[in-house]
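Colleague: Below: sequence and its predicted model.
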Amino acid sequence: MRIALVVVLALVSPVAADSRCVIEAPPVLASPKLAPPACHRAPKPIAQQVTRAVEKRYTLTQQGARVGVAFPCDRLGARIREIVLETGEGHGGTLGLWRARRRSDGTYDVTGVSYDGASLAGPGSNPPYLVASGVVELPGLDKARAAVTATLREIVPPPKPGTYLGMSGSFSSRDFHVLVRLVGDAGRVVERRYTGYEGSDAQNDFIGLELAIEALAPITTVALAPGTPTTEQRALFVERFTEAVPHFDEQYEWWVMERYVELARYLGTPQTLRGLLTRLRVTDPKSRSQVDARADAVDAIATITGWDARAGGGSVEDAANAYLAQCR
C-alpha cells in the first residue's frame, strides 16, 4: 500500500519545470465605491479659450457649418491628484509614458519613460529607452481638464430649398497615439485615448486630447536621459503595459504594441508575462509586426523568468510554444 501511494503522489505532483515561468497578477487600477460626485464644469473663461482653440483646428466638412463645443460635468471633484499621459508618433519612433502626482504645495512630481528605439530618423538608444523625473507647476491644468472632457461636433444648418451643401474633408499620413487620464482626489477617473491618423473623420475624438497634452506640456518636457529605471518608473511601465494589452490587436495599434513589447525586454516584470503571452501566436506569417513582436516577447519572457527556451539551438517559434505550454 505504501508503494502504491507513492506512485499516485508522483503522478499528481506538478511538473518541476512549471516554476520556471510564474505569472504574477497584473496591477489593477482601483475603482472604489464613491458617493455621488458634485458637478464640476469648466469656468467660462477657460471654456472660451478651449472653444477658440478648437475652432482654429477644426476642419469643417460642409458649407455653412460650424463647430459646437460643449463642456459637461467631469465629476472629478475640486482637485486633480494624478495625471497619466501617453504620447507617440507612428513615424517618429516614439512612445512616451508619463505620470504626475500632486504634492502638498500644489506642484506635481513627474516620472517618465520614453521609448527611444529605431525609427525612420535612424537608430535610437541601446537600451531603447530614456527616463525622466522632476517637479513641475501646471498652470494649464484647468484648460487641459476642460479640453479632455469637451465634446465636439459639427453643426450643419438645414439646407434651403433648391440648394446643395458641398462637402469636403482632410486626411494626413500622420499616425499618432495619445492618452490622457485624470484622477480626482476621491479617486474618480476621466480617461480618453486615440490611436490612428489625423484627419477630419476623427477630429471630434483627438482635437481635445491634443489640446490637453499641450496644456500639460511641463510634464512631457521634463528632461529625458539614459539611466537605470527607478522602482516607480518600472511600475509606471507595468501599469501602462497592462492597460494597453487589450488594445494591441486594434486596427492602428500595431506600432504602439511593438514598442510596448520591445520595452518589456528591459522594463518588464512577472506582472507583464500575461500580456507578453498574447504576442506568441502568429496568425499571419507574412505579418512583419507579428513576427517581430513574437521574437521580442520571447526575449522578454526569457529575461524576466531566467528561462531561455531557445537554449540549445531552439527556434523562436519552438520557444514561443514552450512558453505557451508552460506558463499557462
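Modeller: Noted; the coordinates are in hand.

Colleague: in the protein, which segments are predicted with low confidence?
Modeller: Along the chain, the parts satisfying pLDDT under 70 run over 1-18, 30-36, 119-122, 161-170.

Colleague: longest single helix anywhere in it?
Modeller: Counting residues, the longest helix found in the chain (DSSP state H) is helix 288-305.

Colleague: Next SSE downstream of that helix?
Modeller: helix 316-327 (DSSP states H and E).

Colleague: Send me that next one as PDB with only the CA atoms.
Modeller: Listed in PDB are the C-alpha atoms of helix 316-327, where the atom choice follows Å, rounded to 0.1, in the frame of the first residue of the first chain:
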ATOM      1  CA  VAL A 316      11.800  31.400 -31.700                       C
ATOM      2  CA  GLU A 317       8.700  29.500 -32.700                       C
ATOM      3  CA  ASP A 318       9.700  26.500 -30.600                       C
ATOM      4  CA  ALA A 319      10.400  28.800 -27.600                       C
ATOM      5  CA  ALA A 320       7.100  30.500 -28.000                       C
ATOM      6  CA  ASN A 321       5.300  27.200 -28.000                       C
ATOM      7  CA  ALA A 322       7.200  26.100 -24.900                       C
ATOM      8  CA  TYR A 323       6.300  29.300 -23.100                       C
ATOM      9  CA  LEU A 324       2.600  29.000 -24.000                       C
ATOM     10  CA  ALA A 325       2.500  25.400 -22.700                       C
ATOM     11  CA  GLN A 326       4.500  26.000 -19.600                       C
ATOM     12  CA  CYS A 327       3.400  29.500 -18.500                       C
END
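
Colleague: residues contacting Glu210?
Modeller: When contacts are counted by CB atoms under 8 Å, 6 or more residues apart in numbering, Glu210 touches Arg57, Val178. Where C-beta positions appear, they are placed from N, C-alpha and C, glycine not excepted.

Colleague: what does Leu85 give?
Modeller: If you count contacts by CB under 8 Å, 6+ apart, Leu85 has them with 96-100, 178-181, 213, 216, 219-220.

Colleague: likewise Arg75?
Modeller: The neighbourhood of Arg75, defined by CB under 8 Å, 6+ apart, consists of Pro37, Ala38, Cys39, His40, Gly184, Arg188, Val190.

Colleague: Distance-wise, check it relative to Ala295.
Modeller: 44 Å (CB to CB, to the nearest Å).

Colleague: Same question for Gln233.
Modeller: Gln233 is 25 Å from Ala295, where distance means CB to CB.

Colleague: and those two? which has more neighbours close in?
Modeller: For Gln233 versus Ala295, neighbours defined as other CB atoms under 10 Å are more numerous around Gln233 (21 against 18).

Colleague: helices or strands next to the strand or helix carrying that one in the packing?
Modeller: Secondary-structure assignment from DSSP H and E places Gln233 in helix 231-244. Using 3 or more CB pairs under 8 Å, 6 or more residues apart in numbering; DSSP states H and E as the contact criterion, the elements in contact with helix 231-244 are strand 95-102, strand 108-115, helix 254-267, helix 273-277.
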